[in-house]
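Asks: What follows is a predicted structure for the sequence shown.
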Amino acid sequence: DDDCGWIMDDCTSDSDCCPNWVCSKTGFVKNICKYEM
């Protein structure tokens, strides 16, 4: 499914992002997808 959020995509929750990616809740990158190491 290519319709998921990659880095710097807006999100409101982790479900808006790709698998293994999370929606940042804090800081400069608040509410964007980031890779969860």
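Replies: Nice, thanks for sending it over. Numbering: from 1, shown residues only.

Asks: For residue 3, grab the count of nearby residues.
Replies: Residue 3: 5 surrounding residues under other Cβ atoms under 10 Å. C-beta: built from backbone N, CA, C; applies to glycine.

Asks: Need the three-state assignment for it.
Replies: The assignment at residue 3 comes out as coil when based on DSSP: H, G, I helix; E, B strand; the rest coil.

Asks: Check residue 33 too.
Replies: Following three-state DSSP, residue 33 is assigned to strand.

Asks: And it, how close does it get to residue 9?
Replies: 5 Å (Cβ to Cβ, to the nearest Å).

Asks: any shared contact partners between the two?
Replies: 16, 17 (Cβ atoms under 8 Å, 6 or more residues apart in numbering).

Asks: Settle it for me: which of those two has more neighbours?
Replies: For residue 33 versus residue 9, neighbours defined as other Cβ under 10 Å are more numerous around residue 33 (22 against 16).

Asks: Count the neighbours of the residue lying closest to residue 4 once chain neighbours are set aside for me.
Replies: Closest residue to residue 4 apart from its sequence neighbours, by Cβ to Cβ, 6 or more residues apart in numbering: residue 18 at 3.9 Å. Number of residues near residue 18 (other Cβ under 10 Å) recorded here: 17.
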